[in-house]
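> Sequence plus the predicted model coming up.
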Amino acid sequence: MNAVPDVSADRQTDTSASRLAAYTTLRLGGPAGTLTVATETDQAVTTVRNAAAAGRRVLVLAGGSNVVIGDDGFDGEVLLLRTRGVETVEARPGSVVLRVAAGEVWDDFVAYAVTNGYSGIECLSGIPGSAGATPIQNVGAYGQEVAHTIVAVHAYDREHDSVRVMSPIECAFAYRSSVFKHSDRYLVLHVDFRLAVSDLSAPIRYAELARNLGVEAGDRVSLSQARDTVLKLRAGKGMVLDPDDKDTWSVGSFFTNPVVSASRWASLGLEAPHWPGEDGSVKIPAAWLIEQAGFPKGFAGAGVSISTKHTLALTNRGSGSTAALLELARVIRDGVRERFGVELHPEPVLVDCAL
């Protein structure tokens with residue numbers, strides 16, 4: 001499921017051969033200034049350190065699944081993180097702590113956990129990208145978030161030129177966010193996950209998943225059953241990478257679900273699906289807002305469109321550009337604001353481009 005090609009050389013300086021579209025799931029993005037492939041943690045740190053000393057900007061890419069890069073590319077150092085490895089660093093009677101290299105393909109790690117009877121991330125099956133990207137975004141789906149299982153993030157701190165082991169509190173996890181997002185201070189190197197030793201899933205929290213499993217919310221199923229069902233649900237929405245399916249040429253959900261205060265929700269007067277957030281807030285499905293504002297599945301721009309399978313995915317149909325994708329996003333964002341008075345915010349990181 002790794003959407004990006006292997007790179008044979010450790011370093012590329014021919015920008016014509018280094019268009020960043022080759023390394024993103026959107027298949028969009030202009031040339032890199034310099035491209036370096038790091039297969040070892042020390043090599044990744046050295047690359048970032050040397051670039052800083054030379055006054056060069058650095059862009060770190062692994063799976064390239066949650067990033068939108070401008071058509072003019074990135075005139076700096078692009079680090080392709082290709083570190084690999086999973087090791088057990090702590091084992092207790094009912095749990096295990098696994099240390100995962102940042103460049104490890106995320107779904108490969110989920111499959112490893114399920115195969116070995118480790119519970120807690122099975123509902124995150126099929127999500128593209130790398131393990132190191134998951135704490136940045138606090139990746140979540142079908143009732144699970146990585147913040148539920150992460151016990152430490154090992155990161156290179158560029159400000160202090162040192163490797164830090166950061167606790168969940170220091171990571172400042174929030175809804176699809178963390179201290180790492182929208183900041184280039186840290187380079188994630190390894191992530192420690194505490195998983196339960198069990199052949200059963202964590203309690204199923206997500207209603208759609210429970211329905212498809214034929215169980216009640218709070219029930220548990222086998223790890224393999226949970227994983228297989230999540231993969232089928234994601235595939236039906238175009239959320240499992242497939243090079244032959246342009247509905248998967250996306251960053252997944254482009255917009256986050258808006259979260260508003262209870263008083264704001266009451267003032268909106270919307271008859272819309274919603275569910276409770278933290279501290280009495282209300283979360284509104286962005287997909288519902290988009291559809292009701294007049295933007296159905298398949299709504300098209302210039303070489304780009306909303307996915308034909310899922311309203312939250314904005315896709316490159318093969319002839320698109322970053323500029324066209326962002327224009328489509330603006331039209332949708334502005335239409336939702338005009339119709340409902342609710343602001344949509346992008347989920348992916350925007351590099352040398354803006355919404």
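That came in fine, so what should we check first?

> What is the neighbour count of residue 162?
Residue 162 has 10 neighbours, counted by other Cβ atoms under 10 Å. For glycine as for every other residue, the C-beta is placed from the backbone atoms N, C-alpha and C.

> separation between it and residue 156?
Residue 162 is 8 Å from residue 156, where distance means Cβ to Cβ, to the nearest Å.

> Just list the residues touching residue 256, thanks.
Neighbouring residues of residue 256 by Cβ atoms under 8 Å, 6 or more residues apart in numbering: 175, 176, 286, 344, 345, 346, 347.

> State the helix or strand in which residue 230 lies.
helix 223-236 (DSSP states H and E).

> strands paired with the helix or strand just after that helix, and their directions?
Note on helix 223-236: by DSSP H and E, the next helix or strand toward the C-terminus is strand 259-260. Sheet pairing for strand 259-260, assigned by DSSP bridges, gives strand 282-283 (antiparallel).

> model confidence over the strand it pairs with, on average?
Averaging pLDDT along strand 282-283 yields 92.

> can you list the residues that contact it?
With contact meaning Cβ under 8 Å, 6+ apart, strand 282-283 is reached by 257, 258, 259, 260, 261, 262, 264, 265, 274, 275, 276, 277.

> Could you report the pLDDT at the residue most central in space within the chain?
Geometric centre of the chain, nearest residue: residue 66, 4.9 Å, by Cα atoms, centre = their mean. Residue 66 is assigned 92 on the pLDDT scale.

> tell me the contacts of it?
Residues in contact with residue 66 (Cβ under 8 Å, 6+ apart) are 129, 133, 136, 137, 251, 252, 347, 348, 349.

> ranges for the strands of the stretch 151-300 of the chain?
Assigned by DSSP state E, counting those that start in this stretch, the strands in the stretch 151-300 of the chain fall at 162-166, 186-197, 259-260, 275-276, 282-283.

> What of the stretch 1-150 of the chain?
Assigned by DSSP E, counting those that start in this stretch, the strands in the stretch 1-150 of the chain fall at 11-12, 32-38, 58-61, 67-69, 74-81, 86-91, 95-101, 118-119, 140-141, 144-145, 150-157.

> circling back to that earlier point, for residue 340, find the nearest of the strands of the stretch 151-300 of the chain.
Nearest to residue 340, of all these, is strand 259-260, at 10.7 Å by Cβ to Cβ.

> What's opposite residue 101 in the beta bridge?
Bridge pairing for residue 101 - DSSP bridges - gives residue 190.

> now residue 217, nearest residue through space, not along the chain?
Spatial nearest neighbour of residue 217, excluding adjacent residues (Cβ to Cβ, 6 or more residues apart in numbering): residue 210 at 5.0 Å.

> burial count for that neighbour?
Residues near residue 210, counting by other Cβ under 10 Å, number 20.

> Could you do the one 3 residues further on as well?
Using other Cβ under 10 Å as the criterion, residue 213 is surrounded by 20 other residues.

> I'd like to know how far it sits from residue 157.
Note on residue 213: its distance to residue 157, by Cβ to Cβ, is 42 Å.

> weakest of the strands of the stretch 151-300 of the chain in terms of mean pLDDT?
Across the strands of the stretch 151-300 of the chain, strand 275-276 has the smallest mean pLDDT, namely a mean of 88.

> Output the lowest mean pLDDT helix or strand found in the chain.
Sorting the helices and strands of the chain by mean pLDDT, DSSP states H and E puts strand 11-12 at the bottom, at a mean of 42.

> ok, of the contacts of strand 282-283, which come out buried?
Listed as buried from the contacts of strand 282-283 are 257, 258, 259, 260, 265, 274, 277; burial here means 16 or more other Cβ atoms under 10 Å.

> May I have the beta-bridge partners of the spatially closest residue to the last one that is not a sequence neighbour?
Nearest-residue entry for residue 277: residue 283, 4.5 Å, with adjacent residues in sequence omitted and distances by Cβ to Cβ, 6+ apart. Using DSSP bridges, the beta-bridge partners of residue 283 come out as residue 259, residue 275.
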